[in-house]
Every structure is written in C-alpha cells, then in structure tokens.
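Sequence first, predicted coordinates after that:
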Amino acid sequence: MAVTEEILRRPPAREPAARTYPQALPVVPVRARGLTVEGADGRRYLDCLSGAGTLALGHNHPVVLDAIRKVLDSGAPLNVPDLTTPVEETFVTELLRTLPPGLRDRARVRFCGPAATDAVTAARALVRAATGRTAILGFTGSGHSVSADAVKASDSTQFTGLTAPSGSPLPYPQDFPCPFGVARPYGAELAARWDQATLDDGGTDAQSSVPITVTEPGQPPSPEPSADAGIPTPPAGVILEPVQDEGGVIPAPDAWVRRMRQITAARSIPLIVDESQTGVGRTGAFWAVEHSGVTPDVMILSRAIGGSLPLAVVVHRDDLLGAGEPTSPTGPYRGNQLAMAAGAATLAHVRRHRLAERSATLGSRLLRQLRSLADDFTCVGEVRGRGLMIGVELVDPEAHSDQIPDGAGHGYTTRPPHPPAPRLATAVQRECLRRGLIVGVGGGHPSVVRLLPPLTITDEQADAVLDRLADALTAVARHHHSGHLTDPAQ
C-alpha cells in the first residue's frame, strides 16, 4: 500500500491534470491477464475498460504475446513505414478477410499514424482529394478526434431545437433524451429528415427550411426533399459512429444508418464510418456497420485492431483513388511491425473462435439482466448498448427535467423525467473500484457508467461483474437523498 501511495503521489507534480484516469481510478497495475488486473498493493480487479477498448482479447492474451515474441526473436525491423514486409502482408490479408462483403473486394488499406485521430485526419484528406470539396459533416456527441480540423465533425454538445446554426453537427438519433422530444421510431426518422434537408441546403452554408413533421402510425410520411434536390455546396463526406461510445454508448438504429447510406449515395457524398471503438467483434458483429447491412465508402479502424498496441488504418473503396489522391506522409509510425503482428493474431483469433457471436449472445444477456436490475434503482435512467459495449445512464431521481408538451397519439413524448446525474455516475465508478471492478464514465454530461469487457470474458466473470455493479449501485442509492450525494466513505 505504501508503494502504491508513493507512486500515485508523483504524477500530479510531473504531469498535467489532463490525465483523467488516475483521478478516478487510483490503481497502480503491475500484472494483468485476461479480465484481471493486479495492483501494486496486491488487490485484484475485474477490468471492464479493456484499455479504453483496445484489448479485444483482454490483457496479455497468449496468441498476442506469441505473435509479438516471434517478431522480436526474428530480428525484423520494428518500424518500416510503407515498405511491404511479411508481417504487414499477413495483417492486411487477415484484415481483408473480416471486412463487410460489399467492401472486401474493392478495398484499399491505408496505414497512417497509430491513433484514431490520425486515421480520421487521413480519411478526411482522402475524401477531400477525391471530391474536390472541403467540408466534413459529423454528428452531435461524436468522439472522432480532438484536432482543430475535427471541430465540425466532432462536437459533444447536445443538439437543441430545429434551427441549428450554420455549420453545426447533424443530430444523432437517440431516445434518452430524443433531441426532437419524440418517441421512437419517430426521433430517428426526424433526424434522418433533418440530415437530408441540411445536405440539400449545402451542408455547411445554409440552414434547412424544409418543414419536418411527424405522421400518425400507418399514415404516409410528410413530404421531404427529393433525391435530386439542388445541392449548392455538398460536403466532401459525412462521418458517423454506428455506436457512440464516448457520447454515452448510444447505438444508432439500423434503419437510420441505412437511410444515411441512401441519402449520401444519392448525392455522391462519401460515407465514412468510424469503427475505432466498435470494431473487431465488440458490438456482436465483426464490424458494427454490418448490423445494418450497409457498405460504407470509408472505414476508420483503430484501437483493437492493434491487439493492444497502437495501430490505425483507413480502409476505402478503390474508386476513391485518383489524380487528386493525397500522397503526403501520414506519420512516421505507420509501419509498426509489433502492432501489425499483434493485430493480425487478434483478428484471426476473433474470427476463428467466433467471438463476435459470443459478444452478441453474452451482451444480450448482460443487457437483459442490467435492465431487470435497473427496476430496483430509481437512479438508473436507462441501460443501453450493443454486444459487449454497454452503458448505464444515471439520473437524479429527486430532481425533475423540464417537460415538453405531451403529444400522446402523435408519437410525441415527454423528456426523461429526471436529469442526468454525473456525480452519481462518478460515485458508482468509485464504489465499483472499492469492490474490485474497473468501469468507465462517459457521455456528454458525463453520467453514463460504461462497460467494455474483453470478448473473452467468461459467464462466471460476467456474473461477478453484475454482482459488484449491483452492490455499487445499492451503496450509492443508499447514500443519495434530498438531491444531494453523500460520499459513502464519509
């Protein structure tokens, strides 16, 4: 314990406060295997952060370690940007095997810097060169990047009202709360209509003037812009996440993803899908976009594809190449041989052992059990997710949200009755840690407890995670009263 406290005291004097994980998770890991992490104080933890989603197979999986050792023992160079090597060839071959069928036979793989931000930047440069246009449109709540170039495509603010300012991100469909204040499936439909109207008005240069209305169930939809409507200044691309993780674990409805594909294809706008956090079996399909049956023009891949080591690539249709293809380097570490070896081993293991299907099955069980558990806690507003990408939204049960007019019978609904409770989410995270469970907190407020266990988690470990989370919720609920949270440690 003394060693742990000494190590934890040093970083604040040496590193900036932007190191947020140590503030919430004062753990000094010294050993790890699978789901289990051992701290310097000898305590063991179940890790449901999985290296922020980078550890599809958990910590130090044997196939990953073996792949890394083989490269080290071979004497091969560890970083060779753009030069073809046996390790790179193996990685690309394995990656192509896993891609959605509509993209697999026409795919080109572009290596870039090791972070998802590098891949986002490379994808933007690619579609800008291919289209001759510049604007990239993203969605509210996106977590694509933090670079200055990403401002329009990565905005964590909440969408409010029906007259977003020029250049604002597009509304991302969600139910808790729906940005339009309506019940499913109307919210996703309205989001798609708003997105289409924005693109038809030039994407970034004008506001939509197209009326958007909700119809009764079974009635024909209200008029919407035709597919050949004028596009004064279409964007170079539209980028979306099939599940927003940093935004609060919000799965996009499959029908909405298909609509976005139709809308962008009709206007010759490349659709970029960011699978940095959703890929490699995480959501119950190898790539989350497969749930909707959509074939994107560009895919951004990172995190788990490196088998725990830094690696990012852009996969795109071959016809996006041309005279305007960007040829400038995209970072000196785009030839990381250890990451490619670990990534190839991870991709192959997930594919051969059908871990995406395992993620779908176990994830459905966890969601079902968590939703049943939520019935016992008024502070749990919603449980949502897909596969082993799960979020528990915490709300303040003793406070009330502003209400919008009730349109019962027209698909309208009130907003969730209770506002998000970031302090409660932080308290649940703290109580989980005391019980040996590592979880994340995210969302725009942030009020969502996030679970990202490795795909190798066993049924017994899943039960232990649920038990510890339930104990943590019980402790927090017991000490929350009159709208104020009391630290259970006090």
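Nice, thanks for sending it over. Predicted model only: the values in this text are computed from it and were never measured.

in which helix or strand would I find residue 97?
Assigned by DSSP states H and E, residue 97 falls within helix 86-98.

again with residue 273
Here residue 273 is assigned to strand 271-274, by DSSP H and E.

Could you list the paired strands of that strand along with their orientation?
strand 237-240 (parallel), strand 298-301 (parallel) (DSSP bridges).

returning to what we had before: quick one: contacts of the helix holding residue 97?
Around helix 86-98, the neighbours that count as contacts under Cβ atoms under 8 Å, 6 or more residues apart in numbering are 71, 76, 104, 107, 109, 111, 280, 286-287, 301, 305, 313, 315, 335, 337, 340-341, 343-344, 347-348, 351. Heads up, the C-betas are built off the backbone N, CA and C, glycines and all.

and with 7 Å instead?
In this structure, residues lying in contact with helix 86-98 by Cβ atoms under 7 Å, 6 or more residues apart in numbering are 71, 76, 104, 107, 109, 286, 337, 340-341, 343-344, 347-348, 351.

ok, now stretch 100-118?
For stretch 100-118, using Cβ under 7 Å, 6+ apart, the contacting residues are 92, 95-96, 99, 119, 122, 145-147, 276, 287, 289-290, 295, 300, 302-303, 310-318, 321, 330-331, 333-336, 339.

Just the buried subset of those, please.
Among the contacts of stretch 100-118, the ones that count as buried by 16 or more other Cβ atoms under 10 Å are 92, 95, 99, 119, 122, 145, 276, 287, 289-290, 295, 300, 302-303, 310-317, 330-331, 333-336, 339.

mind listing what residue 298 touches?
Residue 298 touches 123, 126-127, 270, 272, 314, 316, counting by Cβ under 7 Å, 6+ apart.

out of the residues you listed, who's nearest residue 389?
Closest approach to residue 389 among these (Cβ to Cβ): residue 272, at 19.8 Å.

Where does the prediction get shaky in this structure?
Counting by pLDDT under 70, the ranges of the chain that qualify are 1-23, 143-168, 175-192, 194, 202-232, 322-330, 401-416, 480-490.

Now do the helices in it.
Ranges of helices within the chain are 2-9, 11-14, 20-24, 50-53, 62-74, 86-98, 101-104, 116-131, 186-200, 254-266, 337-352, 355-374, 422-434, 459-478, based on DSSP state H.

Which residue is the nearest non-sequential neighbour of the residue most central in space within the chain?
The C-alpha lying nearest the average C-alpha coordinate of the chain belongs to residue 245 (Cα atoms, centre = their mean; 3.2 Å). Leaving out its chain neighbours, the residue that sits closest to residue 245 by Cβ to Cβ, 6 or more residues apart in numbering is residue 277, at 4.4 Å.

show me the contacts for the one you found.
The contact partners of residue 277, by Cβ under 7 Å, 6+ apart, come to 53, 245, 303.

How about residue 400?
Shown in contact with residue 400 (Cβ under 7 Å, 6+ apart): 417-418.

Please report how far it lies from residue 394.
Between residue 400 and residue 394 the distance, using Cβ to Cβ, to the nearest Å, works out to 16 Å.

burial count for the closest residue to residue 174 other than its chain neighbours?
Among residues not flanking residue 174 along the chain, residue 250 sits closest, at 4.8 Å (Cβ to Cβ, 6+ apart). Residue 250: 25 surrounding residues under other Cβ atoms under 10 Å.

Who does residue 250 form a beta bridge with?
Per DSSP bridges, the residues bridged to residue 250 are residue 244.

quick one: it and residue 142 touch, right?
No. The criterion here is Cβ atoms under 7 Å, and residue 250 misses it with residue 142 at 10.4 Å.
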